[in-house]
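[1] Using only what follows, build the 3D model:
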Amino acid sequence: MSEVKAQPAGVDLEELEQLVAEADTGGRHPSGTVARILLWVAVAWSLFQLWYASPLPFVFGFGILNDTEARAIHLGFALFLTFLAYPALRSSPRDRVPLLDWVLAVVGGFAGAYLFLFYVQLSGRPGQPTTLDLVTGTVGILLLLEATRRALGLPMVVVACVFIFYTFAGQYMPDVIQHRGASLNKFLNHQWLTTEGVFGIALGVSTSFVFLFVLFGTLLEKAGAGNWMMQISIALLGHLRGGPAKVAVVSSALNGVVSGSSVSNVVSGGIFTIPLMKRTGLSGVKAGAIEAAASINGQIMPPVMGAAAFLMVEYVGIPYSEIVKHALLPAVFSYIALLYMVHLEAIKMDLKTIPQRPTPARERMLRMGLGLSGSILAVCIVYYGIVAIQAVFGGAAPPLLALAGVALYVASVWYSSRYPDLALDDPNAPILELPRAWDVTRTGLDFLIPIAVLLWCLMVEQMSPGLSAFWATVSILGIVVTRKPLMAVFRHEDLAPSVRASWDDLIDGLALGARNMIGIGIATATAGIVVGTITLTGLGLMMTELVELISGGNVILMLILIAAISLVLGMGIPTTANYILVATLMAPVVVDLGAQAGLPIPLIAVHLFVFYFGIMADITPPVGLAAFAAAAISKEDPIATGFQGALYSLRTAILPFVFIFNPAILLIGVDSWPQTIWVATVSLIAILLFSAATMNWFVTKSRLWESAALLLICFTLFRPDWWLNQVSPPYEELPASEFLSAVAQTPADGRINFVVEGVDLMGEDVRKTVNVPLGEPGEPLERLRGIGLTITQAGDALMISNVDFGSYAKRIGLDVGYDVVAVLRKADQPSSLIPIGLALAATAGVAGLQFARARKQADRKETGPAR
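    Numbering: from 1, shown residues only. Reported below is the predicted structural model:
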C-alpha cells in the first residue's frame, strides 16, 4: 500500500516529525558514516533482542544468556544510543554527534554492559565490590541520570535524585520515614551490581517483553497496517454525524492494540483526523482534544497496554491472559463512552457529515450483514481449523500450521494485488468521497495475520509474552520482506525495485523499533533506582504509615491522594516509569490500608488504578505531551487543548474508583457468561450516563438538576451494593474453624475473603480483611500453597506459618505469625436489581422529560417563522 501523501494545510510535517522524534526516538539525525553507525547499532540491538527471545540459543547451544546478562546488554545498547540519538541541549547540533557525546556513549555502553562483561568475576565475589566495580557503578549512575535527562526530561532525574538523597540522608528525615542511611559502597553495590536496583524487574520486563512488542508495532506500521486501519475507520464511520471525530476514536483504539506511545498515536492519526474534524465544524481545540483523549487511551487497550501489562505480570503475579481479561472491559467502555461524547458534541453543534456514495438502504443493510457474518465465520473457521489440526496431528501440527499460514498469506496478497493501492483523500479538498469498507479491507487482509498470531499465542496457547511477541514479530518480518515483491510478481511489475524497497523497509523498521525503545529502556533503568532505594531503606513499610497519617485512614481520601501523586509524577515522567514508581510505592499502601479498613481490594484493581492515572498525565495541563502534539497539528493553544481533553477524559478517570469498590467490572467474581453480559451492560449504561452528565447533554441540553440526577444514577449502576449495604451488611463473619471448608468449596479460579490478626514489623496490632484468588479445586491447604500461603492448624486455631517470597500472599501484606480469625461469606441481601431497576426507571424519566422539551423546542422552530 502506498504511503499517504496528503498534507493538511497549515501543518508542518517536519515540525511534527521532529516532535515525535524528540519524544520517542531522539531528535538527532546525522548523515554519512555516523548515520550508518547509528543505524546499524540500532539494528544490532533489534537482532539481539530477537535472538534472546527466540528458542534458537537452546537449539544451537550457543549464545544462551541468563536474565542478568541480557539486562546488562539491553541497558548497554540503550545508553550508547541515547548519547548518539538525543542531543544534550536544545542548542546542540542535530546533524552531527559531538566528540563528547561519542565519549559518553562508549563509556555509558561499557558501564551498562558491565554485568555481562564481568559476570563470572562478579558472581564469584558477591557483596565484595572492587575499586573498578565501584568506579563503574558511580559513572554508570551518573551517565544514566544524564541519559534520562536527555531522553525523558528533567522531572524524572529530579525524582531519582530525591530518592538517592534519601538513601544517604535517611537519619535526618522526619521520624515517619527515617532510616539509618547507607554507605556509598552499599548503595553502589545494591543499585548497580545486583538485580535489586537498576537491573531489577522493570529493566527485566523491558528486556524480555517490551522490546519485541514495540518492534512488532513499528514493523506493522512500516508494512502499512497503520494507514490501512485508519482508512477502515474512515470507511466505516466517516459518513456518520461527527464522523471524523469518531474515526479518530476508533483508529486510535486500533492503533493502541499494537502501539504504546500516546504522542505517535496522536500524530499518525491526527494528521488526517484533526483537519477533517475542523472541516466538518468542530473547533480546533475540540478536534485536538478528541484526538489526544482517544490516543492516550491506546495505552489501556489490550494486548500491549503501553508495556504496563507485562510489568503487571511481574508485580501482580498472575498470568498475562488474566491481565488482559481484567483490563478489557474498562478499555472498551472508555472508548465507547468517548464515541458517545463525540456524538453528543456533533448533535450540540449540528456538525456536517462527509459525503458517501449513494447506496440504497437495502444494499447497505445487506453489505453490513454480510460483513459481520463473514467476519464471524472467518474467525470461527480459523479457530476451529487450528484446533482440529492440533487434535489430529498432535506434535506435527506446528509445521503444518506454519505452512497453512504462509499459504493463507500468499493468497491474501494475491487477492489484494488485484486492486489498486488506496490513497487517502486530501482532507482539505473541496469534496471527499468515502470508500466502502470492503474496498479498503480487501487491500490489506494479510495485516491481520501477525495480530492473529500474537493473540493466539498469548490467549489460546498461553505462551510467555516474550515468546508470543517473538512469533508475531517473525510473522510481520516475513510480511515486510515479501509483501512488495509478491505484489510486484502478481501484478507483473519489475521485481528489483520492490526487493530493494522491502530491504530498506526491513532495515528501517529494525532500526526505528530500537530507537523507539531507547526512552523505555532508560526509563525502566532509572525507575530501578527508585525501586532499589525502597528495598534498601525499607521505605515501602514507612509509606503505609505516612499515607495513613495524611489520609486519616479514609480510603477515599487515600485514593484521591494517590491519584494526585500519579498525575503529578506523570507530568514529567513516561507512563511506564510512572507506573513502576507509583505501583512500587503506593500499590502496597492501598492494599494494606484497604485491608485494615475492612475493604479487601484485589491487587490487580490497585495496579490498574495507579496505571490509569499515570496515563491521564499525558493529557493533563500544563505538560500533557499528547495535548501538545495535537495542538501542533490543530495550531491551537496546547493548554486549552489539554483542559478540553481532560474534560473528555473524565470518563476514564472515574473508572479506577469503580475498580476499587466494584471489581466486577474487571470480571473479578464473575463466573458465567450471563453474569458477564449483565455486568457489561449495566456498567456500559453507567459510563454512558456519566459521559452525558459531564457533557451536560442527554436527549437535549440538560438542566443542572438533570445532570446531577444522571450522576446519581451512574453511581447507583456502578455501585448498587452501596445502597444495599446501608440496610444490610454485605458479609457475615464465620469462625476460623470454617475457613478450610470455605476454601474447599470455592469454585475453580474463585476468590475468598477472610480476616487475619497479628502484630506487624513495627510491633503494632493489625487486623486485615484480604481477598485472594484460588486456582483449581483441590485439598484446601494445597490450594492456599498455590498462592504462597502455608497455614498451620492447631485445633480450631489457624496460623500463617509461611509466606513465600514474591507470592500473591506476600504482595497483599500477609505475614508469618498472623492468625486467621474469620472467613467472610456473602450475606443474604436484597437483590441488586432493586436499586438498578430504580436507577433505570429514573433514567427513563429524565429521558422522557428531555424528549418532551426537545419536541417543544422543535415545534417552536417550525411555527416561529410562520407567525
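[2] Could you use CA atoms for every contact and neighbour count after this?
    Fine.
[3] For the chain, which segments are assigned as strands?
    Applying DSSP state E to the chain gives strands spanning 731-735, 751-759, 765-773, 789-794, 797-803, 819-826.
[4] Out of the ones you listed, which is closest to residue 609?
    Closest to residue 609 of the strands of the chain is strand 765-773 (C-alpha to C-alpha; 16.9 Å).
[5] Now the closest one: buried residues?
    767-773 (16 or more other C-alpha atoms under 10 Å).
[6] Which of the strands of the chain sits closest to residue 133?
    Per C-alpha to C-alpha, nearest to residue 133 of the strands of the chain: strand 797-803, 34.7 Å.
[7] Which residues does that closest one contact?
    Strand 797-803 is contacted from outside by 736-737, 788-793, 809-810, 814-821, using C-alpha atoms under 8 Å, 6 or more residues apart in numbering.
[8] One more: stretch 120-132?
    Contacts for stretch 120-132 (C-alpha under 8 Å, 6+ apart): 115, 185, 189, 193.
[9] run the last query once more with 7 Å
    Applying C-alpha atoms under 7 Å, 6 or more residues apart in numbering, the contact partners of stretch 120-132 are residue 189.
[10] Skip the chain neighbours and tell me the closest residue to residue 340.
    Nearest-residue entry for residue 340: residue 688, 7.0 Å, with adjacent residues in sequence omitted and distances by C-alpha to C-alpha, 6 or more residues apart in numbering.
[11] where's the one you found relative to residue 666, distance?
    To residue 666, residue 688 is 17 Å away according to C-alpha to C-alpha, to the nearest Å.
[12] Where does the prediction get shaky in the stretch 1-150 of the chain?
    1-25 (pLDDT under 70).
[13] Identify each buried residue in stretch 121-133, please.
    122, 129, 133.
[14] let me fix that: stretch 590-605
    Going by 16+ other C-alpha under 10 Å, stretch 590-605 has these buried residues: 590-596, 599-605.
[15] same thing with stretch 181-188?
    181-182, 185, 187-188.
[16] List the contacts of that stretch.
    Taking C-alpha under 7 Å, 6+ apart as the rule, stretch 181-188 contacts 134, 137-138, 167-171.
[17] One more: stretch 562-581?
    Outside stretch 562-581, the residues that reach it (C-alpha under 7 Å, 6+ apart) are 152-153, 155-156, 306-308, 523-524, 527, 530, 582, 610-611, 613-618, 623-624.
[18] to the chain's geometric centre, what's the distance from that stretch?
    The chain centre lies 13 Å from the centre of stretch 562-581; the measure is C-alpha atoms, centre = their mean, to the nearest Å.
[19] Distance across that stretch, terminal residue to terminal residue?
    12 Å.
[20] if you average pLDDT over that stretch, what comes out?
    The pLDDT scores in stretch 562-581 average 74.
[21] quick revisit: can you put the strands of the chain in a markdown table and add distance to residue 511?
    Output for the strands of the chain, formatted as a markdown table (distance: least, C-alpha to C-alpha, whole Å):
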| stretch | distance to residue 511 |
| --- | --- |
| strand 731-735 | 56 |
| strand 751-759 | 46 |
| strand 765-773 | 42 |
| strand 789-794 | 46 |
| strand 797-803 | 45 |
| strand 819-826 | 55 |
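[22] Between those strands, which one is closest to residue 649.
    Closest among the strands of the chain, using C-alpha to C-alpha: strand 765-773, at 30.2 Å.
[23] other SSEs contacting that closest one?
    Packing partners of strand 765-773 (3 or more C-alpha pairs under 7 Å, 6 or more residues apart in numbering; DSSP states H and E): helix 575-596, strand 751-759.
[24] For the last one, name the packing helices and strands.
    Meaning strand 751-759. On the basis of 3+ C-alpha pairs under 7 Å, 6+ apart, strand 751-759 makes packing contacts with strand 765-773, strand 819-826.
[25] Can I get those strands in CSV including distance to residue 490 and mean pLDDT?
    Shown next, in CSV, are those (distance: least, C-alpha to C-alpha, whole Å; pLDDT from 0 to 100):
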stretch, distance to residue 490, mean pLDDT
strand 765-773, 54, 87
strand 819-826, 64, 90
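[26] Pipe those into CSV and attach distance to residue 281 per row.
    Below are the helices and strands packed on strand 751-759 laid out as CSV (distance: least, C-alpha to C-alpha, whole Å):
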stretch, distance to residue 281
strand 765-773, 51
strand 819-826, 53
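[27] Nearest to residue 704, out of those?
    That would be, of those and by C-alpha to C-alpha, strand 819-826, which comes in at 38.2 Å.
[28] If I take that closest one and strand 731-735, what angle do their directions form?
    140 degrees (axes from the mean of the first three to the mean of the last three C-alpha atoms, to 10 degrees).
[29] Now do strand 819-826: everything it contacts.
    Under C-alpha under 7 Å, 6+ apart, the answer for strand 819-826 is 730-736, 739, 753-758, 798-800.
[30] one more time with 8 Å
    730-736, 738-739, 742, 752-758, 797-800.
[31] List only those of the residues you listed flagged as buried.
    The buried subset of those - by 16+ other C-alpha under 10 Å - is 730, 734-736, 739, 742, 752-758, 798-800.
[32] Report how many residues lie close to the nearest residue to residue 339 once chain neighbours are set aside.
    Counting by C-alpha to C-alpha, 6+ apart, residue 339 lies nearest to residue 246, which is 5.9 Å off, once chain neighbours are set aside. Look at residue 246: counted by other C-alpha atoms under 10 Å, it has 32 neighbours.
[33] hmm, who's touching stretch 837-848?
    Outside stretch 837-848, the residues touching it (C-alpha under 8 Å, 6+ apart) are 698-699, 706, 710, 713, 716-717.
[34] tally of neighbours for the residue nearest to residue 340?
    23.
[35] now the one 5 residues further on
    Residues lying near residue 693 (other C-alpha under 10 Å) number 22.
[36] list the contacts for it?
    Residue 693 neighbours (C-alpha under 8 Å, 6+ apart): 702, 706-708, 710-711.
[37] Now which of those would you call buried?
    Buried among the contacts of residue 693 by 16+ other C-alpha under 10 Å: 702, 706-708, 710-711.
[38] what's the farthest-apart pair in the residues you listed?
    702 and 711 (12.1 Å).
[39] What's the separation between the residue nearest to residue 441 when sequence neighbours are not counted and residue 445?
    Of all residues not flanking residue 441 in the chain, residue 232 sits nearest, at 6.5 Å (C-alpha to C-alpha, 6+ apart). The gap separating residue 232 from residue 445 is 11 Å, by C-alpha to C-alpha.
[40] More neighbours: the two, which one.
    Per other C-alpha under 10 Å, whichever of residue 232 and residue 445 has more neighbours is residue 232, with 21 against 18.
[41] quick one, domains of this structure?
    12-222+234-353+518-661, 673-728+829-867, 731-826 (automatic domain parsing).
[42] Quick check: end-to-end length of the last one?
    In other words, domain 731-826. End to end - C-alpha to C-alpha - domain 731-826 spans 5 Å.
[43] Do a quick rundown of the helices in the stretch 651-800 of the chain.
    For the stretch 651-800 of the chain, the helices defined by DSSP state H, counting those that start in this stretch cover 655-661, 673-695, 704-718, 720-725, 739-745, 780-785.
[44] closest one to residue 288 among the ones you listed?
    helix 673-695 (17.1 Å).
[45] I'd like the average pLDDT over the closest one.
    93.
[46] any idea how far it is from the chain center?
    The answer for helix 673-695 is 22 Å, by C-alpha atoms, centre = their mean.
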